[in-house]
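1. Quick one, fold the following:
(2 chains)
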Amino acid sequence: MNTKSLLLAAVVAAVGAVSGSAQVTSQNIVGYVRLSLNQGFNLIGNQLNNGDNKVGTVLNVPDGTAVYKFDGKYTFNSFVDGAWDAPGMTLTPGEGFFIKVPAATTITLIGEVSLNNSKALAAGINLLSVPVPLAGALTDAAAGGLTAAEGDVVYQWTGASFVSKEFVDGAWAPSAPTVKVGEGFFLKGAARTYSRNFSVN
Amino acid sequence: MNKFAYLVAASALVVSAFGQGSIDIGNRGLALVTSAAQPNGITGTSFVAQVWYGASAGALTKNFAPSPFRVATTSSPGTWNPAGVGGPGNAIQTLDGFAAGSTVTLQVAVWDSAVAGAGAASALAKAAGTGLSETFTYTIPTDPLAIPGGMGNMKTFALVAGGAPVIPEPTTVALGALGAAALLLRRRK
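-> Residues are numbered from 1 along each chain as shown, chains lettered A, B, ... in the order given. Below is the predicted model:
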């Protein structure tokens, strides 16, 4: 998966409503993420809220595309003859998934940046993405925002296989994992909560 | 194109894209390497583990670069670090000549690289101070999206008792011979 362009447009709408002496401000950050997919398997994630986040709402893909979610085992969904086999499947921000496309293509994910994100991680293997469209070190508070725990292993997809990075004795080996916008990854570790909130301030 | 045709095409794509099998050669969280002095697992980056593999126990002809064990203060004693200095760089490696679905036989050789003369050969010969696991097998997953395993069937093993072998280096042997020759010459005079 090659990220050609990132969050190209972001519109921040701040709406202030004055009620008595209190001011309430809401932020809506909308935009899109454009991802170039290689033929075959790509490990990506949806990082923008798009209403119900149903697979048919999130993805605009060619016939023959398949999506694989992981929850201890893979759940398969294919887009054939213009329809998804399981249209109720959701792809919410913070989830990672494999997408297999019959030929190289570019997809565009649109929606709103999710400001407050908290995901319960099961003990063992979880398929994730950073829930907001930011690139950088996975454990950097300004990027991935994941708190590493002793024994964690991150698996990243190369297009044909995996590479792994483990957190042992307080350090990543062979190097700290970094993620691109729209990239999915596996995390093997202890059960905990992955929180990644976002603010324009 | 109907769904069956898509499945056939997808299967062909998987076979072509994933010809070589992958393995995770790390043992953290699995069986350990111990010694009489370190019963909870050996530590020290001079110790190295080399994973050998082949089609059967009698044909372990291929191997990965030796991985160092961890520092003395590690929270994971008895485990080696494929990403450590001199190691193969990443725990996940390609098994040369083995496709998805095939079974590979493995064995792990351990020695102290700080001991002169110690190496894979002395470990495979079960010299004192080295270690050699029992052979074990790993079946490469047919699912191309499966995270590879590898060391799951390895059993904990210990270094051979008797201390580290003291094998003089060739230069030491040569110096000793020169000294002995000099002494002999002096006595004859």
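2. Helix or strand: which one has the closest residue to A:K100 other than its chain neighbours?
-> Computed as CB to CB, 6 or more residues apart in numbering or on different chains, the closest residue to A:K100 that is not its neighbour in sequence is A:A66, at 4.5 Å. In short, each C-beta sits where N, CA and C put it, glycine included. Assigned by DSSP states H and E, A:A66 falls within strand A:65-70.
3. Quick check: buried residues in that strand?
-> Applying a neighbour-count criterion of 16 or more other CB atoms under 10 Å in any protein chain shown, the buried positions in strand A:65-70 are A:65-70.
4. Now the residue of chain A found nearest chain B. Its backbone dihedrals?
-> Relative to chain B, the nearest point of chain A is A:P174 (3.5 Å; CB to the nearest CB). A:P174 has phi and psi values of phi -80, psi -20 when expressed as degrees, to the nearest 10.
5. so what's the residue lying closest to it once chain neighbours are set aside up against?
-> Of all residues beyond its chain neighbours, the one nearest A:P174 is B:A83 (3.5 Å), with distances taken as CB to CB, 6+ apart. Listed by CB atoms under 8 Å, 6 or more residues apart in numbering or on different chains, the contact partners of B:A83 are A:165-166, A:173-174, B:89-91.
6. Show me which of these is closest to A:G159.
-> Ranking the contacts of B:A83 by separation from A:G159, with CB to CB as the measure, puts B:N90 on top at 15.1 Å.
7. Which secondary structure element of chain A has the lowest mean pLDDT?
-> Scoring the helices and strands of chain A by mean pLDDT, DSSP states H and E places strand A:11-19 at the bottom, with a mean of 35.
8. Which two of the buried residues of strand A:65-70 have the greatest separation?
-> Between all members of the buried residues of strand A:65-70, the longest pairwise span (CB to CB) is found for A:T65 and A:F70 and amounts to 17.3 Å.
9. secondary structure class for A:G56?
-> helix (DSSP: H, G, I helix; E, B strand; the rest coil).
10. Could you report the neighbour count for it?
-> The criterion is other CB atoms under 10 Å in any protein chain shown. On that basis, A:G56 has 16 neighbouring residues.
11. residue ranges with poor pLDDT in the chain?
-> Since no chain was named, I'll use chain A. Along chain A, segments meeting pLDDT under 70 span A:1-26, A:201.
12. that's the wrong chain, I wanted chain B
-> B:1-19, B:163-189.
13. For A:Y32, what is the enclosing helix or strand?
-> A:Y32 belongs to strand A:22-37 when elements are defined using DSSP H and E.
14. Could you list every helix and strand that the longest strand along chain B packs against?
-> Among all segments of chain B classified by DSSP state E, the strand with the greatest residue count is strand B:103-112. If you count contacts as 3 or more CB pairs under 8 Å, 6 or more residues apart in numbering or on different chains; DSSP states H and E, strand B:103-112 packs onto strand B:47-54, helix B:120-124, strand B:131-132, strand B:136-139.
15. looking at the ones you listed, which is buried most?
-> Per-residue neighbour counts averaged over each of the helices and strands packed on strand B:103-112 give the maximum for strand B:47-54, namely a mean of 24 (mean count of other CB atoms under 10 Å in any protein chain shown).
16. That one close to chain A?
-> No - using CB under 8 Å from any CB of the partner chain, strand B:47-54 stays clear of chain A, with a minimum separation of 15.1 Å.
17. Following the chain onward from that strand, which element is next?
-> Scanning the chain past strand B:47-54 towards its C-terminal end, the next helix or strand to appear is strand B:62-63 (assignment: DSSP H and E).
18. B:Q50 reaches B:F69, doesn't it?
-> No - B:Q50 sits out of contact with B:F69 when judged by CB atoms under 8 Å, with a separation of 11.8 Å.
19. A:F198: what's it in contact with?
-> Taking CB under 8 Å, 6+ apart as the definition of contact, the neighbours of A:F198 are A:29, A:113-117, A:132.
20. 10 Å instead, please
-> If a contact means CB atoms under 10 Å, 6 or more residues apart in numbering or on different chains, then A:F198 has A:27, A:29, A:113-117, A:131-134, A:145 as its contacts.
21. which of those has the most neighbours?
-> Ranked by the number of neighbours (other CB under 10 Å), those place A:P131 first, at 29 neighbours.
22. is it true that that one touches A:L48?
-> Yes - with contact defined as CB atoms under 10 Å, A:P131 and A:L48 form a contacting pair (9.5 Å).
23. list residues touching both of those two?
-> Jointly contacting A:P131 and A:L48 under the rule CB under 10 Å, 6+ apart are A:93, A:113-114.
24. Any chance of TSV for the residues you listed, columns secondary structure and distance to A:T193?
-> What follows is the shared contacts of A:P131 and A:L48, written out as TSV (DSSP: H, G, I helix; E, B strand; the rest coil; distance: CB to CB, whole Å):
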residue	secondary structure	distance to A:T193
A:P93	coil	15
A:V113	coil	20
A:S114	coil	15
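25. Just send those residues back as a markdown table, with distance to chain B too.
-> Converted to a markdown table, those look like this (distance: CB to the nearest CB, whole Å):
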| residue | distance to chain B |
| --- | --- |
| A:P93 | 22 |
| A:V113 | 29 |
| A:S114 | 26 |
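26. Just give me the closest of those residues to A:A149.
-> For A:A149, the nearest member of these is A:P93. The distance, counting by CB to CB, is 22.0 Å.
27. Quick check: can you list the domain ranges of chain A?
-> Structural domains assigned to chain A are A:37-108, A:112-197, following automatic domain parsing.
28. residue in chain B nearest to chain A?
-> Scanning chain B for proximity to chain A using CB to the nearest CB identifies B:A83 as nearest, at 3.5 Å.
29. how about stretch A:65-72 as PDB, C-alpha atoms only?
-> C-alpha atoms of stretch A:65-72 as PDB (Å, rounded to 0.1, in the frame of the first residue of the first chain):
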ATOM      1  CA  THR A  65     -12.400  -6.700  -4.100                       C
ATOM      2  CA  ALA A  66     -12.400  -8.500  -0.800                       C
ATOM      3  CA  VAL A  67     -12.000  -7.300   2.800                       C
ATOM      4  CA  TYR A  68     -10.700  -9.300   5.700                       C
ATOM      5  CA  LYS A  69     -11.300  -8.200   9.300                       C
ATOM      6  CA  PHE A  70      -9.700  -9.900  12.200                       C
ATOM      7  CA  ASP A  71     -11.200 -10.700  15.600                       C
ATOM      8  CA  GLY A  72      -9.200 -13.700  16.700                       C
END
